[in-house]
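> After the sequence you'll find the predicted model.
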Amino acid sequence: NIPVLNAHADTVVGIDNAKNAIRYCEQKGYKNVLIGSTTKLPFPDHSFDLIVCSDVLEHVDDQKALSEIQRVLKKDGIFLFSVPAFPHLWSRYDTLSYHLRRYRRKPFRQLLENYMTVQYLGYWNFFSYLPCLIFYNLQKLKKQETQINNLTLVPRCLNVLLYFCISLETKVFQKIRFPFGVSLVGICSKE
């Protein structure tokens, strides 16, 4: 996210609770990357016009994180986010990624509305939903003694197919609201 945001903002600040993530960013030449937690942001009140959390809230106490995000967001500031959707899609990947939860749209909207105004909340990764549902349910049937991650490179042909699906979804996304997806994405504003 940092390179994209750098092209559109005077100052971009990155935060992560993992030292290796901070080192990686520093090695890439990114400035203003700090170690910290979304549940205790190391910034004064009303510091940011925009806050982006890509797959973060599912790892932490989301109420504390949203309270902190609201605190450091300026009036009329924007909060963009993505989180994993649907508890029935819970898989070993979630466990290995230290996820605490997956979200449903309606209860998550109610939670968000305690802190900000929801401008948009919808499903994303629509085309991945059915393959994930099938794969994760088959995975649950298979007994596995050891925990292994699935963060391996996918075959090129599969990567091309996934890229095509996401590209198509991006074009359709502005015209159609998907009824389900692997992720929830949203835009909130602070009044």
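Yes, it's here. Predicted model only: the values in this text are computed from it and were never measured. Numbers count the residues shown, from 1 in each chain.

> Please count neighbours and contacts with C-alpha atoms only from this point.
Fine.

> Give me the contact list for the lengthiest helix in the chain.
Across the chain, the longest stretch assigned as helix under DSSP state H is helix 156-173. Helix 156-173 has contacts (CA atoms under 8 Å, 6 or more residues apart in numbering) with 125-127.

> distance of the residue most central in space within the chain from Gln63?
Nearest to the geometric centre of the chain sits Asp55, at 2.2 Å (CA atoms, centre = their mean). Using CA to CA, to the nearest Å, we find Asp55 at a distance of 15 Å from Gln63.

> pLDDT score assigned to Gln144?
pLDDT, Gln144: 63.

> Let's verify Lys175: helix, strand, or coil?
Here Lys175 is coil, with the state taken from DSSP: H, G, I helix; E, B strand; the rest coil.

> just Ile187 next, same as before
Reduced to three states by three-state DSSP, Ile187 is strand.

> Tell me the bridge partners for it.
Beta-bridge partners recorded for Ile187 (DSSP bridges): Leu80, Tyr120.

> That one reaches Glu113, doesn't it?
No - contact criterion CA atoms under 8 Å: Ile187 and Glu113 do not qualify, at 11.6 Å.

> who has more neighbours, the two?
For Ile187 versus Glu113, the count of surrounding residues by other CA atoms under 10 Å is larger for Ile187: 17 against 12.

> partner residues bridging Leu50?
Ile78.

> neighbours around it, how many?
Neighbours of Leu50 using other CA under 10 Å come to 18.

> next one: Glu58
By other CA under 10 Å, neighbour count at Glu58 equals 20.

> Confirm Leu133 sits in a strand?
No - the assignment for Leu133 (three-state DSSP) gives helix, which keeps it out of a strand.

> My read is that it contacts Pro87, right?
No - judged on CA under 8 Å, Leu133 makes no contact with Pro87 at a distance of 10.9 Å.

> the more surrounded of the two?
Leu133 (16 against 11).

> Next up, the contacts around the more buried one.
Leu89.

> go on, Phe81?
Contacts of Phe81 (CA under 8 Å, 6+ apart): 52-55, 185-187.

> need the strands for this structure, in chain order.
For the chain, the strands defined by DSSP state E cover 14-16, 33-35, 48-54, 73-84, 117-124, 183-189.

> for the ones you listed, which one sits closest to Thr95?
Taking CA to CA, strand 73-84 is the member of these nearest to Thr95, at 12.6 Å.
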